[in-house]
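A.B. asks: Here's a sequence, model it:
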Amino acid sequence: MRVQQILFFSCLSVSVLNGSAAAEPVGAKLAQATALPSEPPLEQHADSQAKTSEPVQQPQSLAYQSLEQLSELTDIGLAGLAMRMIDQQQKRYPEYGPDWYAFEFRYFQTLSAQEHWEEIIQRADRLLASAEPGTQITPKIARWVRSQKAIALLQLGQAEQSLRLTRDLLWEGRGLDRDRTAFWRRLIVRAYLQLDYAEDANRALRRYRRDYGDNKSDWKLLQAQALLRAERPAEVADLLADETSHKARALRLLAGARSRPDEAERYVADTKSQLADTSLTQAQQRAYFYVLYEAHLHNKDLIAAAEAAEQLLALNRSQAMLGEHFTVNADDLWRLYLRIGEQAGNRFKLLKGNDQAWHQRASKIQDQEPVRARGMFAVVALTTLDQNQRQRAHQALVGSLTDTDAGLEVANQLYTQSDRVGSADDLPVEVRYRLVDHALAVGDLTLAATMMASLSQPPEGEALFDWQIRKARVLILQGSHAQGEAELRRSLQDVEELSADMVDRYLQVVFDLQTIQRHQQALELFDLLPIESMGDKLRREIYYWKAESNYEMERYDQAAMLYMQSARAGDHSMSDLWAQSARFKASDALVKAKLYDDAQHAYSELLAITPSDARKRLIRQKLQHIRLLRGNEADTAGAQSNERLSG
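C.D. replies: This is a model prediction of the structure:
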């Protein structure tokens, strides 16, 4: 999976609707950068809206109090819950009214915080198509919505469409609002950079700074990137002289290496000094390794450049802090390997086509010169006409990379992200198998599925059970639930004895099914395990998780029984912490099942043994709740009896 292209709009934090300039912190996210509209546009819109809908009865302050709560939910990572609440609350107000728009703006902000760019475009298009101009949507609000679409298009790499839309907005605005005009001009600069129009970006930046005098750090950094793209590195040093961020340092070092290639060794040393800082984030490391990569190329040190390129591919899942145009891809590394390999072949006087001699020499130097050896293996892999020799060379190259997780990621990039050479089929079976685990660990389900699909059977030396468990998990995570469940069933068919470790791995996949609410299927898979023959710890855990699925399916009586079995397994007194927790859950399930006598008994027994004052207060509240439920049912039954008698 290629890393998603993400640009930072830290300098776009101007409210498009209210025209007020906001602070522009370095590194601010897009959600922060595009400030939401405040009350003025909503008040302005109220006059036209009053003609088509009933006046809003609820005070505006109540709506804003709710919106603050929604912002807090988004900030703590509960954006999905925030969007659900927005949908629910927005329906309470007249469509296209001031309060309705307050929630609509918040929804856009939440989507941008989640980087759901396609959904932003779809929502913007729906709103602009459905709202009647002038009565249901003002020109100012329409421009704000179109601006959100322009940003989303840019984030999706659709710079030409974004540029056209932003130019239309700029033309329509006619410069009447200084801050909105500045906002759109900055969007245009970013579109130019994404389209690699470096000179256009530089001219636009100069005009912008002339008109607005904006010397904030982020805009200096942006101009530095534009100057480097326009091959004017000598101007960067003065521009960033007072900047101290890691991004500024990396750009200064890169500019120095480009403008003074004869001093490349100095920039290599300075960059290595920065990389020695153990507090660097992966994004910062990636920036410095890119500088190192270019400095080594200027110094004509291909081996060191390839080592830096390998580090960059290993960090490819992190943010490209210097921008997507200052990165290395798989084909860059393949080209370096070929250059290194061909130079080594000349050095050792090897003839092209003598694959055996190349392989022997590369194997001989591999321990002392691993990168040079990889280059030689690459030459054979990409030039030989012998299929066996090609596969052998690929296996040797990958084998020298994959001693570490970082090496696995490099192999993944080389063989699945190259437009020029390499494919997953060239990877040794053992490496593909390891890449499945690597992909699951980094959350790359596409890679996991690709690798698993290429494996018709487990590699030599690997247990069939382990392979089937991995396959089942990948299938389930990618959405092929029934196939994954079938694979999980098959994993137990030929197993004579299940170890505790095997059961644990099996259970992890069943837990995935519970997470996606496939509780009936999870219960069936639990039942395939020989629970009664297992140790106390495993039995109590399985009973508990079976109870959880039954509870979610509203089979409360069955859930209560299983919770109690979990409490009793391994501790017949049912008094340890696990047992108390399971008994508490059982009591709750009994209440849901309306078995109030049993629930009262279960809670009362818990009250007698729990040492926690807080837990005792909670249990007493539960007992009071049972009494209220009983009273309510008695009243209902009495009322129904009276109705029958009167009838």
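A.B. asks: And the chain, what are its domain boundaries?
C.D. replies: Listed domain ranges for the chain are 30-195, 428-529, 552-634 (source: automatic domain parsing).
A.B. asks: now for those domains, which one comes closest to N388?
C.D. replies: Closest to N388 of those is domain 428-529 (C-beta to C-beta; 13.7 Å). Using the backbone N, CA and C atoms, a C-beta is placed for each residue, glycine as well.
A.B. asks: Kindly reformat the domains of the chain as JSON lines containing mean neighbour count.
C.D. replies: Formatted as JSON lines, these follow (neighbours: other C-beta atoms under 10 Å):
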{"stretch": "domain 30-195", "mean neighbour count": "18"}
{"stretch": "domain 428-529", "mean neighbour count": "17"}
{"stretch": "domain 552-634", "mean neighbour count": "17"}
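A.B. asks: closest one to L382 among those?
C.D. replies: Nearest to L382 among these is domain 428-529 (16.8 Å), distances taken as C-beta to C-beta.
A.B. asks: centre of the chain versus that closest one, how much separation?
C.D. replies: Offset of domain 428-529 from its chain centre (C-alpha atoms, centre = their mean, to the nearest Å): 22 Å.
A.B. asks: next one: stretch 344-356
C.D. replies: 45 Å.
A.B. asks: Show me which residues of that stretch are buried.
C.D. replies: Buried positions in stretch 344-356, judged by neighbour count with 16 or more other C-beta atoms under 10 Å: A344, G345, L350, D355.
A.B. asks: Show me the two of those that sit farthest apart.
C.D. replies: Farthest apart among the buried residues of stretch 344-356 by C-beta to C-beta are A344 and D355. That separation is 14.4 Å.
A.B. asks: I'd say A234 and A255 touch.
C.D. replies: Yes. Between A234 and A255 there is a contact under C-beta atoms under 8 Å: 7.4 Å.
A.B. asks: any idea which helix or strand comes after the helix or strand hosting W184?
C.D. replies: Element membership for W184, per DSSP states H and E: helix 178-194. Note on helix 178-194: by DSSP H and E, the next helix or strand toward the C-terminus is helix 198-212.
A.B. asks: any idea how far the residue most central in space within the chain is from L477?
C.D. replies: Nearest residue to the geometric centre of the chain (C-alpha atoms, centre = their mean): G443, 8.0 Å. From G443 across to L477, the span is 9 Å (C-beta to C-beta, to the nearest Å).
A.B. asks: where does the stretch 1-150 of the chain have low pLDDT?
C.D. replies: The stretch 1-150 of the chain contains residues with pLDDT under 70 at 1-67, 69.
A.B. asks: follow-up on the earlier one: out of the buried residues of stretch 344-356, which are inside helices?
C.D. replies: Counted as lying in helices by DSSP state H, out of the buried residues of stretch 344-356, are A344, G345, D355.
A.B. asks: The first one and R374 touch, don't they?
C.D. replies: Right, A344. No. Between A344 and R374 there is no contact under C-beta under 8 Å: 10.2 Å.
A.B. asks: Show me where this structure dips below the pLDDT cut-off.
C.D. replies: Applying pLDDT under 70 to the chain flags residues 1-67, 69, 214-215, 404-405, 422, 634-647.
A.B. asks: how about the nearest residue to L401, chain neighbours excluded?
C.D. replies: G407 (4.1 Å; C-beta to C-beta, 6 or more residues apart in numbering).
A.B. asks: Format the CA atom coordinates belonging to stretch 488-507 as CSV.
C.D. replies: Extracted C-alpha coordinates of stretch 488-507, given in CSV (Å, rounded to 0.1, in the frame of the first residue of the first chain):
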residue,chain,number,x,y,z
LEU,A,488,-10.7,-21.4,10.9
ARG,A,489,-12.8,-24.5,11.1
ARG,A,490,-10.4,-26.4,8.9
SER,A,491,-7.5,-25.4,11.1
LEU,A,492,-8.8,-27.8,13.8
GLN,A,493,-9.5,-30.7,11.6
ASP,A,494,-6.1,-32.4,11.5
VAL,A,495,-4.9,-31.3,14.9
GLU,A,496,-4.4,-34.1,17.4
GLU,A,497,-3.5,-32.0,20.4
LEU,A,498,-4.0,-28.3,20.9
SER,A,499,-1.4,-26.4,23.0
ALA,A,500,-2.3,-23.4,25.0
ASP,A,501,-0.4,-21.2,22.5
MET,A,502,-2.4,-22.7,19.6
VAL,A,503,-5.7,-22.1,21.4
ASP,A,504,-4.7,-18.5,22.1
ARG,A,505,-4.0,-17.8,18.4
TYR,A,506,-7.3,-19.4,17.5
LEU,A,507,-9.1,-17.3,20.0
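A.B. asks: i'd like the first residue to be 236 from this point on
C.D. replies: Right, with 236 as the first residue, what we last looked at is stretch 723-742.
A.B. asks: State the distance from the closest residue to V730 other than its chain neighbours to G312.
C.D. replies: The shortest distance from V730 to any non-neighbouring residue, by C-beta to C-beta, 6+ apart, is to F700 (5.8 Å). Between F700 and G312 the distance is 36 Å, computed by C-beta to C-beta.
A.B. asks: for D505, same thing?
C.D. replies: In terms of C-beta to C-beta, D505 sits 38 Å off from G312.
A.B. asks: L710 too?
C.D. replies: 28 Å.
A.B. asks: How about V677?
C.D. replies: V677 is 19 Å from G312, by C-beta to C-beta.
A.B. asks: just A377 next, same as before
C.D. replies: Applying C-beta to C-beta to A377 and G312 gives a distance of 32 Å.
A.B. asks: One more: Q509?
C.D. replies: Distance, Q509 to G312, using C-beta to C-beta: 32 Å.
A.B. asks: ok, now H481?
C.D. replies: From H481 to G312 the distance is 26 Å (C-beta to C-beta).
A.B. asks: try V738
C.D. replies: Distance, V738 to G312, using C-beta to C-beta: 32 Å.
A.B. asks: Export only the CA atoms of the helix or strand harbouring the residue nearest to V730, formatted as CSV.
C.D. replies: Counting by DSSP H and E, the element that carries F700 is helix 699-712. Extracted C-alpha coordinates of helix 699-712, given in CSV (Å, rounded to 0.1, in the frame of the first residue of the first chain):
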residue,chain,number,x,y,z
LEU,A,699,-0.3,-26.1,8.6
PHE,A,700,-2.2,-24.8,11.7
ASP,A,701,-0.2,-21.6,11.8
TRP,A,702,-0.7,-20.9,8.1
GLN,A,703,-4.4,-21.6,8.3
ILE,A,704,-4.8,-19.2,11.3
ARG,A,705,-3.0,-16.4,9.5
LYS,A,706,-5.1,-17.0,6.4
ALA,A,707,-8.3,-17.0,8.3
ARG,A,708,-7.4,-13.7,10.0
VAL,A,709,-6.5,-12.0,6.8
LEU,A,710,-9.7,-13.1,5.1
ILE,A,711,-11.8,-11.9,8.0
LEU,A,712,-10.1,-8.6,8.3
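A.B. asks: Following that helix in sequence, what is the next regular element?
C.D. replies: helix 716-726.
A.B. asks: Of A469 and A490, which one has the most company?
C.D. replies: Between A469 and A490, A490 has the larger neighbour count (other C-beta atoms under 10 Å), namely 23 against 13.
A.B. asks: is it true that that one touches A472?
C.D. replies: Yes. Using C-beta under 8 Å, A490 is in contact with A472, at 6.0 Å.
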